[in-house]
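Student: Sequence first, then the predicted structure:
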Amino acid sequence: MRQVYSHVHLYAVYGINAHRDALGATHAGPQSMSLHIGIVACSAEGAALCYKTICVEGAQFLGPHAHPEVSIHTHSLSEYMQRIYRGDWPGVAQLMHGSAHKLKSIGADFLICPDNTIHQALPFIEARLPLPWLHIAEVVAAEAVERGFKRLGLTGTRWLVDSAVYPPKLTERGLELARPNSAERDETNRLIMDELVCGVFTAKTVGFFQQLIARLKHDEHCDAVILGCTEIPLIISDANSVLPTLDSTRLLARAALRRAAAG
């Protein structure tokens with residue numbers, strides 16, 4: 001790990017070894033063939049889970065202990081939150097754009113962002129991004145179709161649930177969306193911002209999310225739930241949810257792995 005620029009920059013490069021040959025790789029070596037993933041990060045816990053998933057599960061694509069080159073850049077979360085609290089989404093977009101350019105400057109081939117909420121700022125910069133961008137909602141929608149789901153409940157910050165990040169991506173694939181009610185949105189937002197992004201995970205908070213998901217199942221007739229805050233998968237999974245979960249963090253990481261491994 002090393003510090004680059006004035007912001008946090010995690011630059012992880014692991015040599016990808018010759019075991020890839022057993023998977024059919026050429027003798028040029030998998031590291032030279034796989035693409036460099038750039039992570040535009042926002043909150044630490046979600047970005048860390050995404051990064052760890054890429055590194056740990058890379059072996060499934062590239063051989064034992066191997067994963068693509070990965071770089072992370074994030075501005076201070078407070079810089080994002082100041083803009084989000086005042087509804088300055090163009091300002092949020094500029095932070096994302098800055099991260100994108102810094103990642104390009106160190107060799108990233110494409111970008112992902114393990115933060116659902118700030119994807120609503122993406123349209124402000126989409127036409128001038130310096131690199132291709134994998135959209136987290138498109139990845140989740142593709143997985144839902146693959147698994148045969150029809151109606152999805154959405155969990156996440158109030159900003160996300162109120163936004164248009166997911167609806168068009170789901171509608172174009174024939175999927176329906178159900179959202180929490182206003183009181184549920186407020187409490188979910190509080191728990192995410194006061195606890196989950198700070199690395200605080202309690203049994204009471206787990207219970208709240210379990211009850212919310214159960215209501216989405218019984219009252220809204222959902223057949224799966226989107227874990228649309230990238231920290232929620234740290235406390236909720238198929239093991240403790242009454243609905244199948246669509247883990248946006250890990251799904252994005254795996255989509256990035258597939259793209260990187262394809263070279």
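Tutor: Cool, got the structure.
Student: Domain boundaries for this structure, per the record?
Tutor: 8-134+251-262, 137-248 (automatic domain parsing).
Student: Now render those domains as JSON lines, adding mean neighbour count.
Tutor: For every residue, glycine as well, the C-beta is placed using N, CA and C. Formatted as JSON lines, the domains of the chain follow (neighbours: other CB atoms under 10 Å):
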{"stretch": "domain 8-134+251-262", "mean neighbour count": "19"}
{"stretch": "domain 137-248", "mean neighbour count": "18"}
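Student: Let me have the ones you listed in JSON lines, extended by mean pLDDT.
Tutor: Shown next, in JSON lines, are the domains of the chain (pLDDT from 0 to 100):
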{"stretch": "domain 8-134+251-262", "mean pLDDT": "85"}
{"stretch": "domain 137-248", "mean pLDDT": "97"}
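Student: how about Leu95, secondary structure?
Tutor: helix (DSSP: H, G, I helix; E, B strand; the rest coil).
Student: give the contact list for it.
Tutor: Listed by CB atoms under 8 Å, 6 or more residues apart in numbering, the contact partners of Leu95 are His75, Glu79, Tyr80, Arg83.
Student: Helices - which of these land there?
Tutor: Glu79, Tyr80, Arg83 (DSSP state H).
Student: Now tabulate those in JSON lines and tack on distance to Glu184.
Tutor: Shown next, in JSON lines, are the ones in helices among the contacts of Leu95 (distance: CB to CB, whole Å):
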{"residue": "Glu79", "distance to Glu184": "28"}
{"residue": "Tyr80", "distance to Glu184": "24"}
{"residue": "Arg83", "distance to Glu184": "25"}
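Student: Quick check: chain neighbours aside, which residue is closest to Val197?
Tutor: Sequence neighbours aside, Ser43 is the residue nearest to Val197 in space, at 4.4 Å (criterion: CB to CB, 6 or more residues apart in numbering).
Student: Leu77 is in contact with that neighbour, correct?
Tutor: Yes. Counting by CB atoms under 8 Å, Leu77 is a contact partner of Ser43 at 5.7 Å.
Student: rewinding a little: for the contacts of Leu95, please prepare JSON lines with the additional fields distance to Ser105.
Tutor: Output for the contacts of Leu95, formatted as JSON lines (distance: CB to CB, whole Å):
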{"residue": "His75", "distance to Ser105": "15"}
{"residue": "Glu79", "distance to Ser105": "20"}
{"residue": "Tyr80", "distance to Ser105": "21"}
{"residue": "Arg83", "distance to Ser105": "23"}
